[in-house]
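Engineer: Prediction below, plus the sequence it came from.
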Amino acid sequence: MQYSLCRIARLSLIIAFLIFPLDTDSFSQPSKKQTNPAARQIGFAEAQKLLVNENEGNLSKQPGRFSRTKLSDGKVLELYYPITTSNPRRKSRAATSPGYGKLYESELAFKEESRTRHVLEDLIPDGHKLVSEIHQLVAKLERRLRLSAGKLDYSRESLKRVDAYLVGYLNSHSTMQTDPQLFQELTAYYGETLRRATGGEWRVREERVSESRKQPEPNIILNSGRGTKEIKPWSGLISVLYDEDKRGAGVTKLFDADVTAAK
């Protein structure tokens with residue numbers, strides 16, 4: 001009898017689940033990263049309506065040309081007034097550029113969009129991830145260079161293989177053509193080669209770039225009797241790849257300079 005009752009109870013539970021399925025939407029979900037929405041461009045007339053009963057230019061103002069106003073609801077409005085200029089082709093007529101407004105959801109959103117971006121935001125968005133995946137990134141770089149596994153052995157000589165590849169790459173790409181995947185592979189290999197040569201260790205620095213954002217930089221820390229020294233392997237690589245004056249100098253030359261500076 002006891003067995004039958006238990007069996008009936010289990011069957012009843014199964015039937016209940018079939019009739020009343022679980023509401024999985026009610027379970028807590030991991031929070032998604034919040035991003036500030038981009039500014040919304042609006043017409044000049046609409047922007048002027050938003051300024052009714054507001055103190056226009058309470059953030060900044062150039063009378064008749066431009067104003068930046070924090071509205072009473074917390075939003076920020078940039079207003080660009082119409083500009084009339086003479087047309088050299090038609091001396092009797094003037095050209096007028098219509099005014100417009102840019103509306104930000106908050107002062108924080110305005111600051112986030114107008115701030116200077118960190119050079120790694122697009123090239124290495126997550127320094128923590130790069131450091132944790134160094135060996136995978138090096139394996140990808142070997143395949144890119146058409147080398148068998150283990151040919152990139154973290155030696156100075158192996159950097160010449162990287163330089164040989166970069167000669168062709170730089171000849172076919174401009175400084176404006178950034179490749180985040182390649183840059184991450186190079187940073188992982190060059191940085192690990194430098195770390196082994198100097199006896200340092202990877203450490204991700206959380207560099208604050210705005211009120212709401214920190215950029216994780218994958219740096220190398222050197223500890224000695226003379227104190228602590230920090231090397232940014234990605235910084236030199238940016239010059240080698242994208243700086244017009246230093247482009248093409250080569251990672252082997254960069255390695256020698258960084259090792260000397262670490263002493």
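Structural biologist: Nice, thanks for sending it over. Numbering: from 1, shown residues only.
Engineer: Mind jotting down where the helices sit in this structure?
Structural biologist: 2-19, 44-50, 107-114, 120-123, 127-132, 134-144, 156-172, 180-198, 233-242, 251-262 (DSSP state H).
Engineer: Switch those over to JSON lines; also include distance to residue 60 and mean pLDDT.
Structural biologist: For the C-beta atoms, the positions are set from N, CA and C on the backbone; glycine is no exception. Below are the helices of the chain laid out as JSON lines (distance: least, C-beta to C-beta, whole Å; pLDDT from 0 to 100):
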{"stretch": "helix 2-19", "distance to residue 60": "62", "mean pLDDT": "42"}
{"stretch": "helix 44-50", "distance to residue 60": "15", "mean pLDDT": "92"}
{"stretch": "helix 107-114", "distance to residue 60": "11", "mean pLDDT": "80"}
{"stretch": "helix 120-123", "distance to residue 60": "26", "mean pLDDT": "93"}
{"stretch": "helix 127-132", "distance to residue 60": "35", "mean pLDDT": "97"}
{"stretch": "helix 134-144", "distance to residue 60": "44", "mean pLDDT": "98"}
{"stretch": "helix 156-172", "distance to residue 60": "42", "mean pLDDT": "95"}
{"stretch": "helix 180-198", "distance to residue 60": "35", "mean pLDDT": "97"}
{"stretch": "helix 233-242", "distance to residue 60": "33", "mean pLDDT": "94"}
{"stretch": "helix 251-262", "distance to residue 60": "42", "mean pLDDT": "95"}
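Engineer: of all these, which lies closest to residue 81?
Structural biologist: Ranking the helices of the chain by proximity to residue 81 (C-beta to C-beta) places helix 44-50 first, at 7.7 Å.
Engineer: packing partners for that closest one?
Structural biologist: In terms of contacts (3 or more C-beta pairs under 8 Å, 6 or more residues apart in numbering; DSSP states H and E), helix 44-50 is packed against strand 76-80, strand 100-104.
Engineer: residues making contact with stretch 252-261?
Structural biologist: The contact list for stretch 252-261 (C-beta atoms under 8 Å, 6 or more residues apart in numbering) reads 156, 159-160, 162-163, 190, 193-194, 197-198, 231, 233, 236-237, 239-240.
Engineer: Neighbours of residue 195, how many?
Structural biologist: Taking other C-beta atoms under 10 Å as the criterion, the count of residues near residue 195 is 19.
Engineer: so which of the helices and strands packed on helix 44-50 gets nearest residue 53?
Structural biologist: Taking C-beta to C-beta, strand 76-80 is the member of these nearest to residue 53, at 13.1 Å.
Engineer: ok, that closest one: who's next to it in the sheet?
Structural biologist: strand 66-70 (antiparallel), strand 100-104 (antiparallel) (DSSP bridges).
Engineer: how distant is stretch 38-47 from the center of its chain?
Structural biologist: With C-alpha atoms, centre = their mean, to the nearest Å as the basis, stretch 38-47 stands 27 Å off its chain's centre.
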